[in-house]
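K.L.:
build the 3D model from these lines:
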Amino acid sequence: QVQLVESGGGLVQAGGSLRLSCAASGRTFNMYAMAWFRQAPGKEREFVAAINAHGDSANYQDSVKGRFTISRDNAKNTMYMQMNSLKPEDTAVYYCARRSGILALTDANEYDLWGQGTQVTVPS
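P.N.:
As a prediction, this is how the structure comes out:
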């Protein structure tokens, strides 16, 4: 059974950095686009970033452009997100997700496999 496992979350001061990882089991990781979503307390889940199956095209939410970088290592079945210049409004549970297609789409409904989430906290 394919699973996604996130890691790398934590508490960081405003302006700091974190690197999230999402490790996938299975042998066909390079056939799937991947994405990060987040959900803050009392808010709906929102798109953060997505990367296509080949790793050469990405989409970002406007609020994270220039601060977050999504990447993947298909040889390691792992996706990453480098988060710099973190702000209190980035506080959320971050989820990685996989979709059965190669394009880096932004709609959560396009993704059919989800991880358990990792908490990122940036105190104000």
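K.L.:
how about the residue nearest to the spatial centre of the chain: what's its closest non-neighbour residue?
P.N.:
Centroid-nearest residue in the chain, with Cα atoms, centre = their mean: Trp36, separated by 2.4 Å. Spatial nearest neighbour of Trp36, chain neighbours left out: Val48 (4.3 Å); criterion: Cβ to Cβ, 6 or more residues apart in numbering. Heads up, the C-betas are built off the backbone N, CA and C, glycines and all.
K.L.:
so where is the chain shaky, pLDDT-wise?
P.N.:
Scanning the chain for pLDDT under 70 picks out no residues.
K.L.:
what about the strands in it?
P.N.:
Assigned by DSSP state E, the chain shows strands spanning 4-7, 10-11, 18-24, 33-39, 46-51, 58-60, 68-73, 78-83, 92-99, 113-114, 118-121.
K.L.:
can you list the ones you listed in CSV and add distance to Thr106?
P.N.:
Output for those, formatted as CSV (distance: least, Cβ to Cβ, whole Å):
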stretch, distance to Thr106
strand 4-7, 18
strand 10-11, 26
strand 18-24, 17
strand 33-39, 8
strand 46-51, 5
strand 58-60, 6
strand 68-73, 12
strand 78-83, 15
strand 92-99, 11
strand 113-114, 15
strand 118-121, 20
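K.L.:
for the residue lying closest to Arg38 once chain neighbours are set aside, list each beta-bridge partner.
P.N.:
Of all residues not flanking Arg38 in the chain, Ala92 sits nearest, at 3.8 Å (Cβ to Cβ, 6+ apart). Listed beta-bridge partners, Ala92: Val120 (assigned using DSSP bridges).
K.L.:
done for today, thanks.
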